[in-house]
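A.B. asks: fold the following, please.
(one chain, ligands or ions: 1)
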Amino acid sequence: MTGLAPPAVQLDVVVKSFGPVTAVDGLELSVPTGRILALLGPNGAGKTTTVEMCEGFTRPDSGTVRVLGLDPVTDAATLRPRIGVMLQGGGGYPGARAGETLQLIAAYARNPLDPEWLLHTLGLDEVRNTAYRRLSGGQQQRLALACALVGRPELVFLDEPTAGMDAQARHLVWDLIDSLRRDGVTVVLTTHTMEEAEQLADQLVIIDHGRQVAAGTPAELTRHGAEGQLRFSAPPQLDLSLLAAVLPEGYQPQETTPGTYLIEGEIDPQVMAAVTAWCARIGVLATDLRVDRRSLEDVFLELTGRELRG
Ligand SMILES: Nc1ncnc2c1ncn2[C@@H]1O[C@H](COP(=O)(O)OP(=O)(O)OP(=O)(O)O)[C@@H](O)[C@H]1O
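C.D. replies: Now for the predicted structure:
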């Protein structure tokens, strides 16, 4: 996938301002075909503006945007059947029923997905005859997602796909997005929840004030420079100098309260194996064994000095 295939989306030094506000400030982005990229950032970071330029709704002031190798504004007619767009806040016809809306959009597609299957997969069976304006916010969002996907697009833009959904609906949507990956669909989504980014994304780009502040896989971003902690419980007053001797250099096990042990540093599988092997050797059962890793939330705070609002 990283070979010669051209990226599904490519942004080169893209700038977009609204009056005095520079919403996107020299952004570079490359989304390989078949991958899921999450744009992560707080409110006002420039995520929606970036996605709107990819969708052809807004032109950049400078720089270039290429989507499936085409210009999203001048080649809009060619691109439209190949991409799926889910806008923030849905946007259905107020009086139209959920099922009819989806059928109508499917009717325009050359090779649509089965609308019934989509309604079922997204937990919308029971509201298929309900007018759009009577759906809950989360149901409107799921219908908007179904509308974005029913035409079997190669590339999908999802702007905060699970905003306002309860946990159950969110998991239905995550499962569906995951199945798009298996079908080779490229997905660009925006989110300001870390959990969603970690759950779905192959690649993450963290943006703040319209600029990229970090990029990588969720694992890369949380591992880089990470200080981890391994904790476990066992009988008190174990001779920790013996444990230190079997750990790689630089790890100092401590007994924080009687019977509670802590090892700080990068906790890799070797460290974990050394601890459990040592416990086995001295005939001790370590319980409540837990590894805490740096979260993406911590990464964001470190990079920007600000917290992400979920
Ligand atoms: N049409 C517009 N007119 C004026 N300012 C705008 C417009 N669209 C966006 N902005 C400004 O550009 C900046 C980036 O906004 P954008 O909506 O792209 O951020 P975002 O990361 O998607 O935020 P959110 O998570 O709140 O959706 C903000 O300061 C916003 O107020």
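A.B. asks: the chain against the ligand: which residues are in contact?
C.D. replies: Taking C-beta under 6 Å from any ligand atom as the contact definition, the chain meets the ligand at 18, 21, 23, 41, 43-49, 192. All C-beta spots, glycine's among them, are computed from the backbone N, C-alpha and C.
A.B. asks: ok, residue 292 - how many residues close by?
C.D. replies: Taking other C-beta atoms under 10 Å as the criterion, the count of residues near residue 292 is 11.
A.B. asks: quick check: bridge partners of it?
C.D. replies: residue 229 (DSSP bridges).
A.B. asks: tell me who's in contact with it.
C.D. replies: Residue 292 is in contact with 228-229, 231, counting by C-beta atoms under 8 Å, 6 or more residues apart in numbering.
A.B. asks: select only the buried ones of the residues you listed in ChimeraX?
C.D. replies: Selecting only the buried entries of the contacts of residue 292 in ChimeraX, with 16 or more other C-beta atoms under 10 Å as the criterion:
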select :228,231
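A.B. asks: residue 169 against residue 136, yeah?
C.D. replies: No: taking C-beta atoms under 8 Å as the contact criterion, residue 169 and residue 136 are not neighbours in contact, 9.1 Å apart.
A.B. asks: how about the helices in the stretch 51-200 of the chain?
C.D. replies: In the stretch 51-200 of the chain, helices defined by DSSP state H, counting those that start in this stretch lie at 76-79, 98-108, 115-121, 137-149, 167-182, 194-200, listed in chain order.
A.B. asks: most packed of those?
C.D. replies: Across the helices of the stretch 51-200 of the chain, averaging neighbours per residue (mean count of other C-beta atoms under 10 Å) puts helix 137-149 on top, at a mean of 23.
A.B. asks: which other helices and strands contact that one?
C.D. replies: Helices and strands in packing contact with helix 137-149 are listed as strand 83-86, helix 98-108, helix 115-121, strand 155-159, helix 167-182; criterion 3 or more C-beta pairs under 8 Å, 6 or more residues apart in numbering; DSSP states H and E.
A.B. asks: mind putting the ones you listed into JSON lines with distance to residue 248 and mean pLDDT?
C.D. replies: Written out in JSON lines, the entries for the helices and strands packed on helix 137-149 read as follows (distance: least, C-beta to C-beta, whole Å; pLDDT from 0 to 100):
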{"stretch": "strand 83-86", "distance to residue 248": "47", "mean pLDDT": "92"}
{"stretch": "helix 98-108", "distance to residue 248": "56", "mean pLDDT": "93"}
{"stretch": "helix 115-121", "distance to residue 248": "47", "mean pLDDT": "95"}
{"stretch": "strand 155-159", "distance to residue 248": "42", "mean pLDDT": "95"}
{"stretch": "helix 167-182", "distance to residue 248": "36", "mean pLDDT": "92"}
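A.B. asks: for these, give me CSV that also has distance to residue 249.
C.D. replies: Formatted as CSV, the helices and strands packed on helix 137-149 follow (distance: least, C-beta to C-beta, whole Å):
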stretch, distance to residue 249
strand 83-86, 51
helix 98-108, 61
helix 115-121, 52
strand 155-159, 46
helix 167-182, 40
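A.B. asks: what about the stretch 1-150 of the chain, any weak spots by pLDDT?
C.D. replies: 1-4, 89-91 (pLDDT under 70).
A.B. asks: tell me where it has strands.
C.D. replies: For the stretch 1-150 of the chain, the strands defined by DSSP state E, counting those that start in this stretch occupy 9-18, 21-31, 36-40, 62-67, 83-86.
A.B. asks: closest one to residue 300 among those?
C.D. replies: Comparison of the strands of the stretch 1-150 of the chain against residue 300 by C-beta to C-beta identifies strand 36-40 as nearest, at 7.5 Å.
A.B. asks: out of the residues of the chain next to the ligand, which is nearest to residue 262?
C.D. replies: Taking C-beta to C-beta as the measure, residue 262 lies nearest residue 192 of these, at 32.2 Å.
A.B. asks: got a pLDDT number for residue 304?
C.D. replies: In this model, residue 304 is scored at 74, pLDDT.
A.B. asks: give the bridge partners for the nearest residue to it once chain neighbours are set aside, please.
C.D. replies: Excluding the flanking residues, the one nearest residue 304 by C-beta to C-beta, 6 or more residues apart in numbering is residue 208, at 4.7 Å. In this entry, residue 208 is beta-bridged to residue 211, by DSSP bridges.
A.B. asks: before we move on, back to that, now tabulate the contacts of residue 292 in a markdown table and tack on pLDDT.
C.D. replies: A markdown table is the format used below for the contacts of residue 292 (pLDDT from 0 to 100):
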| residue | pLDDT |
| --- | --- |
| 228 | 78 |
| 229 | 84 |
| 231 | 91 |
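A.B. asks: give me the nearest residue to residue 87, chain neighbours excluded.
C.D. replies: Excluding its sequence neighbours, the residue lying closest to residue 87 (C-beta to C-beta, 6+ apart) is residue 159, at 5.8 Å.
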